[in-house]
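Asker: No sequence on hand, only this structure:
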């Protein structure tokens, strides 16, 4: 939900950058529509190319540099540091709970009666086969 809010907020905030026609902007169309905005927000979640996005925004005249900087930095703090770490911390806990539940299920299985074979059964089988082979000759 927060990712959607940031994606939608980034579209009007970086509007001047998406409409600015310059050859040297690699992130010029980063917020040009909801799909590009979502991918840019995800890239910022991984803390990848965040500074180059800000540098290019600062080169565009008419772009509110303070608001764009606050937008990117707040998303990095909220998204990358807090929510990503909560997710990473949540997944092992769920996995541990699932493993504990599975181990309880195994202990609740009924006991299976074990069959014990005498140790010399295979040896006795081989002797009988040799006698049978000798009798057939």
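Answerer: Done, it's in. As the structure is a computational prediction, the values presented were derived from the model and not from experiment.

Asker: What is the longest helix of the protein by residue count?
Answerer: helix 84-107 (DSSP state H).

Asker: Which residues outside that one are in contact with it?
Answerer: With C-beta atoms under 8 Å, 6 or more residues apart in numbering as the test, helix 84-107 has contacts from residue 45. Quick note: C-beta positions are derived from backbone N, CA and C, even for glycine.

Asker: And the next helix or strand past it?
Answerer: helix 121-136 (DSSP states H and E).

Asker: model confidence over that following helix, on average?
Answerer: Averaging pLDDT along helix 121-136 gives 78.

Asker: For that helix, list every residue counted as buried.
Answerer: For helix 121-136, the neighbour count (16 or more other C-beta atoms under 10 Å) marks no residue as buried.

Asker: and it, how far out from the chain's middle?
Answerer: 61 Å (C-alpha atoms, centre = their mean, to the nearest Å).

Asker: which regions of the protein sit below the pLDDT cut-off?
Answerer: In the predicted model of the chain, residues 17-28, 101-123 satisfy pLDDT under 70.

Asker: In the longest helix of the chain, which residues are buried?
Answerer: For helix 84-107, using 16+ other C-beta under 10 Å, no residue counts as buried.

Asker: Stretch 34-49 now?
Answerer: 36-38, 40-41, 44-45, 49.

Asker: Mind listing residues that contact that stretch?
Answerer: 3-4, 6-8, 10-11, 27, 29-31, 50, 53, 72, 75-76, 79-80, 83-84.

Asker: are any of the residues you listed buried, and which?
Answerer: Here the buried ones among those, as counted with 16+ other C-beta under 10 Å, turn out to be 3, 6-7, 10, 27, 30-31, 50, 53, 72, 75, 79-80.

Asker: Now render those as JSON lines, adding distance to residue 131 and secondary structure.
Answerer: Below are the buried ones among the contacts of stretch 34-49 laid out as JSON lines (distance: C-beta to C-beta, whole Å; DSSP: H, G, I helix; E, B strand; the rest coil):
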{"residue": "3", "distance to residue 131": "79", "secondary structure": "helix"}
{"residue": "6", "distance to residue 131": "84", "secondary structure": "helix"}
{"residue": "7", "distance to residue 131": "83", "secondary structure": "helix"}
{"residue": "10", "distance to residue 131": "88", "secondary structure": "helix"}
{"residue": "27", "distance to residue 131": "87", "secondary structure": "coil"}
{"residue": "30", "distance to residue 131": "86", "secondary structure": "coil"}
{"residue": "31", "distance to residue 131": "88", "secondary structure": "coil"}
{"residue": "50", "distance to residue 131": "84", "secondary structure": "helix"}
{"residue": "53", "distance to residue 131": "86", "secondary structure": "helix"}
{"residue": "72", "distance to residue 131": "88", "secondary structure": "helix"}
{"residue": "75", "distance to residue 131": "84", "secondary structure": "helix"}
{"residue": "79", "distance to residue 131": "79", "secondary structure": "helix"}
{"residue": "80", "distance to residue 131": "78", "secondary structure": "helix"}
